[in-house]
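A.B. asks: Take a look and give me a structure for this.
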Amino acid sequence: MASDTSVVRAARVSTAGECAQEDVSDKKVEGLINYLMRARHGSPFEHNAFTFRVEAPIFVMREMMRHRISSYNEECLAGSTVVTRLSPNLGGTTHKKNSTLEIMYRNWYEGIPDSKGRVRKLESCRNIWVRSYDETTLEPQKSKVKDIVRKGVQTTWLVTTESGKQIRSTKSHLYFTPEYGWKTLGDLKVGDYLYRSGIIRKAGEPTIPPRLRQGIQIWTTQMKPILVPSHGTNCYICDKKLSYAEAQLDHVVPVVLDLKKSLDEDNIKPVCKPCHRTKTNSEQKYADRVGSTWSLRADKIISIDTPVEEMTYDLVLEDPYHNFLANGLVVHNSGRYRELKPKFYKPDWDRKLQQVGKPGAYEFVDGTDAQKSTVHDSYIAGCTEAYTQYEQMLEAGVAREVARGVLPVTLFSTCYMTVNARSMMNFLSLRRKVEGSAYPSFPQREIELVAEDIEIEFERLMPVTHAAFVKYGRVSP
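C.D. replies: Below is the predicted model of the structure:
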């Protein structure tokens, strides 16, 4: 969400008014931006936003966060998110009771206010079970809540699905999908599918695995633009004229009778809604129906928009199921308690290893082959030993948040970084060594690699602003 025009509009708003949206020539844009950069009028450069997904070793993340210029997102949900809780009845069965994350957090840590103004901390507020799902069978399960975490004010985005489900989360929160398994919101797009809770029919023989059934459903939906003309078509059963929006797709030979024809283009034809319902109902006789059950269904994303800053929360769950139902969609619990994967940073063979010169004016030069071998072997040995100790603690039943303490800062971490152009220029001026800079910098090579990729996007989206930044010595206004 960044452009050179955003700088011009922000600079002119006090004189031209908030509705000044007129087009400006490249010459005027260049002239005004150069003046603002030269005279160090910085605030017009703040009314835009870049969001980067950064994957880097922990020691690089530390260097980035020292700048205090950006919002860094962990996986979190909005406080208004409704979680499906499970409470036991006297007869031993369970019933559902929905609560928001914000209220659950308040009750967990602060207690429940009564009619006399007192606050009571009840044991029941910390004895919470939530709806989870077995990721292999898609069958409903339950998980005990270990903790409720408040993660501070962060940017959340509104996700809306085809069935009408809505949820707000950070871009780094994980969603369970039929096609990709667990994916962060930042890696998903409109048209992708999420898993939502829903009722499916139980069937005897022949059976179709749940994942395959969901895949057939998604494929059939995606075939509509190919098989139905934009100007409409006719129902293959009653020959009624249908618009594109009215047309549905039907398997002529039911999937339950011939699974091989489920992905056959010649076996799916456009049909009107009444005929589709009638035919589907008539096909129930082909399966040995034994009732229905709750499971997961595919639900298409139709929008990801409306970013807001708000307080965020997440749950921590006991093994073995680390997911829960939030606003009807399946999401992951806090990464703070997830087993970390053995992905570590190791310097490339051409990484410069020797420091020459005094502090503030030193440079790095190539190391010897012996030094490179030592670095290579030491990194591998250290990371391997640390991860072995980490796994041993997990196997012994030690909490993940405790066990992770032995892992080195070379472990890769992931976050979303949102920053405006002014703050980005400050970051780039310090984290890149470039000839012609008014204030020469000597950054660590690993964070400079991150800065190089960020500057590529800065130059692509705001070429005039970037050129002025370089022209006037790479100094943030």
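A.B. asks: Can you list the low-confidence ranges for the stretch 201-350 of the chain?
C.D. replies: 201-208, 210, 284-293, 335-339 (pLDDT under 70).
A.B. asks: Now residue 174: closest residue in space that isn't a chain neighbour?
C.D. replies: Using CB to CB, 6 or more residues apart in numbering and skipping the chain neighbours, the partner closest in space to residue 174 is residue 332 (3.6 Å). C-beta here means a position set from N, CA and C on the backbone, and glycine is covered the same way.
A.B. asks: pretty sure the one you found is in contact with residue 177, am I right?
C.D. replies: No. The pair residue 332 and residue 177 fails to qualify as a contact (CB atoms under 8 Å) at a distance of 11.4 Å.
A.B. asks: Now find how far off-centre the longest helix along the chain is within its chain.
C.D. replies: For the chain, the helix with the greatest residue count under DSSP state H is helix 369-395. Counting by CA atoms, centre = their mean, to the nearest Å, helix 369-395 is centred 30 Å from the centre of its parent chain.
A.B. asks: Could I get the buried residue list for it?
C.D. replies: Across helix 369-395, burial judged by 16 or more other CB atoms under 10 Å covers 372, 375, 379, 383, 386, 387, 390, 393, 394.
A.B. asks: how about the residues you listed in CSV, adding distance to residue 137 and pLDDT?
C.D. replies: Shown next, in CSV, are those (distance: CB to CB, whole Å; pLDDT from 0 to 100):
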residue, distance to residue 137, pLDDT
372, 49, 92
375, 46, 94
379, 41, 94
383, 35, 93
386, 35, 94
387, 30, 93
390, 29, 91
393, 30, 91
394, 24, 85
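A.B. asks: which ones are touching residue 263?
C.D. replies: Neighbouring residues of residue 263 by CB atoms under 8 Å, 6 or more residues apart in numbering: 216, 219.
A.B. asks: quick one, phi/psi of it?
C.D. replies: phi -110, psi 30 (degrees, to the nearest 10).
A.B. asks: And it, how far from residue 193?
C.D. replies: Separation of residue 263 from residue 193 (CB to CB, to the nearest Å): 17 Å.
A.B. asks: What of residue 105?
C.D. replies: 30 Å.
A.B. asks: Have a look at those two and say which one is more surrounded.
C.D. replies: residue 193 (24 against 20; other CB atoms under 10 Å).
A.B. asks: State the three-state secondary structure for the residue nearest to the more buried one when sequence neighbours are not counted.
C.D. replies: Distances taken as CB to CB, 6+ apart place residue 298 nearest to residue 193, at 4.4 Å, with adjacent residues excluded. State at residue 298, reduced to three classes by DSSP: H, G, I helix; E, B strand; the rest coil: strand.
A.B. asks: Let me see the contact set for residue 298.
C.D. replies: So residue 298 contacts 178, 193, 194, 195, 196, 214, 217, 218 (CB under 8 Å, 6+ apart).
A.B. asks: Let's see the helix or strand just after the longest helix of the chain as PDB, backbone CA atoms only.
C.D. replies: For helix 369-395, the following helix or strand on the C-terminal side (DSSP states H and E) is helix 400-403. Taking C-alpha atoms only, helix 400-403 is exported to PDB below (Å, rounded to 0.1, in the frame of the first residue of the first chain):
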ATOM      1  CA  ARG A 400       8.200 -26.800  24.800                       C
ATOM      2  CA  GLU A 401       8.500 -23.200  26.200                       C
ATOM      3  CA  VAL A 402      11.200 -24.500  28.500                       C
ATOM      4  CA  ALA A 403      12.900 -26.900  26.100                       C
END
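A.B. asks: The helix or strand that comes right after helix 400-403: partners in the sheet, and parallel or antiparallel?
C.D. replies: Next along the chain after helix 400-403, taking DSSP H and E as the criterion, comes strand 412-419. Strand pairing for strand 412-419, using DSSP bridges, gives strand 50-57 (antiparallel), strand 71-73 (antiparallel).
A.B. asks: next one: stretch 428-436 to chain centre, how far?
C.D. replies: Centre to centre, stretch against its chain (CA atoms, centre = their mean), the figure for stretch 428-436 is 31 Å.
A.B. asks: First-to-last residue distance for that stretch?
C.D. replies: By CA to CA, to the nearest Å, the extent of stretch 428-436 from end to end equals 14 Å.
A.B. asks: quick one: the residue nearest to residue 76 when sequence neighbours are not counted and residue 228, what's the gap?
C.D. replies: Excluding its sequence neighbours, the residue lying closest to residue 76 (CB to CB, 6+ apart) is residue 312, at 3.3 Å. Per CB to CB, residue 312 is found 41 Å from residue 228.
A.B. asks: still on that earlier bit, partners of the helix or strand where the residue nearest to residue 76 lies, with directions?
C.D. replies: For residue 312, the host element (DSSP H and E) is strand 289-317. Strand 289-317 pairs in its sheet with strand 77-78 (antiparallel), strand 140-161 (antiparallel), strand 193-203 (antiparallel), by DSSP bridges.
A.B. asks: most neighbours per residue, which of those strands?
C.D. replies: Across the strands paired with strand 289-317, averaging neighbours per residue (mean count of other CB atoms under 10 Å) puts strand 77-78 on top, at a mean of 24.
A.B. asks: ok so, going back, residues in a beta bridge with the residue nearest to residue 174, which ones?
C.D. replies: In this entry, residue 332 is beta-bridged to residue 323, by DSSP bridges.
A.B. asks: ok, it - how many residues close by?
C.D. replies: 20.
A.B. asks: Could you pull up the contacting residues of the closest residue to residue 112 other than its chain neighbours?
C.D. replies: Distances taken as CB to CB, 6+ apart place residue 120 nearest to residue 112, at 5.5 Å, with adjacent residues excluded. Residues near residue 120 by CB under 8 Å, 6+ apart: 111, 112, 113, 114.
A.B. asks: pLDDT at the last one, what is it?
C.D. replies: To tie it back to what came earlier, the one meant is residue 114. As predicted, residue 114 sits at a pLDDT of 76.
A.B. asks: Tell me, how many residues neighbour it?
C.D. replies: 9.
A.B. asks: nearest residue to residue 345 other than its sequence neighbours?
C.D. replies: residue 57 (3.9 Å).
A.B. asks: burial count for residue 224?
C.D. replies: The number of residues near residue 224, taken as other CB under 10 Å, comes to 14.
A.B. asks: Can you name the residues that contact it?
C.D. replies: Here residue 224 is in contact with 247, 249 (CB under 8 Å, 6+ apart).
A.B. asks: how far away is it from residue 396?
C.D. replies: Distance from residue 224 to residue 396, by CB to CB: 53 Å.
A.B. asks: before we move on, what about residue 383?
C.D. replies: Following CB to CB, the distance that separates residue 383 from residue 396 is 21 Å.
A.B. asks: same deal with residue 161?
C.D. replies: Counting by CB to CB, the gap from residue 161 to residue 396 is 41 Å.
A.B. asks: residues contacting the closest residue to residue 458 other than its chain neighbours?
C.D. replies: Using CB to CB, 6+ apart and skipping residues adjacent in sequence, the residue nearest residue 458 is residue 466, 5.5 Å away. Applying CB under 8 Å, 6+ apart to residue 466 gives the contacts 455, 458, 459.
A.B. asks: wait, doesn't the first one sit right on residue 429?
C.D. replies: No. Judged on CB under 8 Å, residue 455 makes no contact with residue 429 at a distance of 10.6 Å.
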